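> next come a sequence and a model predicted from it.
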Amino acid sequence: MGNRFASGKNAIAECDRCGQRYKLKILRREIIKTKNFDLLVCPECWDPDHPQLQLGMYPVDDPQGLRNPRPDKSYVVSGLLADGSLGEGSRIFQWGWNPVGGARADDASLTPNNLVLNVEVGLVTVVTT
């Protein structure tokens, strides 16, 4: 008993999405959410099955809380200064933008800002030979 179908090496088919004509062996099957829809599409129209389309198909257990949490004691250690005295800690940082070096009156208690802006203007001489 021979093959049930012809080889199709010279067959021409249309893309099911855009309608352009291509060789049948160039067209690829379209798979959406792990399901084959029997669509044959050209390389320009073909989209791989994206993993984000499979959200909700598999159970996900992603707990956020910790059982028996412990306080962070590294804060005090990281706040030690070079002379051994207790400083502010590494997690206290200051940022400044518009204006740099002074917090507004309404948010001074939330974001203390002791930054100082230093600007220098000078001349640059370029010598060409």
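Looks like it arrived, so ask away. Just so you know, these numbers come straight off a predicted model, no measurement behind them.
> for residue 28, phi and psi?
Main-chain dihedrals, residue 28, degrees, to the nearest 10: phi -120, psi 150.
> let me know the secondary structure of residue 64.
Secondary structure for residue 64, judged by DSSP: H, G, I helix; E, B strand; the rest coil, is coil.
> now it: how far from residue 21?
The gap separating residue 64 from residue 21 is 54 Å, by Cβ to Cβ, to the nearest Å. (Each C-beta comes from the backbone N, C-alpha and C, glycine too.)
> neighbour count winner among those two?
Using other Cβ atoms under 10 Å, the more surrounded residue of residue 64 and residue 21 is residue 21, with 9 against 4.
> what sits against that one?
Contact analysis of residue 21 by Cβ atoms under 8 Å, 6 or more residues apart in numbering lists 12, 13, 14, 15.
> next one: phi and psi at the third one?
To tie it back to what came earlier, the one meant is residue 14. phi -100, psi 140.
> quick check: the nearest residue to it once chain neighbours are set aside vs residue 13, distance?
Of all residues not flanking residue 14 in the chain, residue 21 sits nearest, at 5.7 Å (Cβ to Cβ, 6 or more residues apart in numbering). Relative to residue 13, residue 21 is positioned 7 Å away (criterion: Cβ to Cβ).
> next one: residue 42
In terms of Cβ to Cβ, residue 42 sits 9 Å off from residue 13.
> between the two, which contacts overlap?
With contacts defined as Cβ under 8 Å, 6+ apart, the residues shared by residue 42 and residue 13 are 22, 27.
> tell me which of these two has more neighbours.
Taking neighbours as other Cβ under 10 Å, residue 42 and residue 13 compare with residue 42 leading, 20 against 15.
> not counting sequence-adjacent ones, nearest residue to the more buried one?
In this structure, residue 42 finds its nearest non-sequential neighbour in residue 15, 4.1 Å apart by Cβ to Cβ, 6+ apart.
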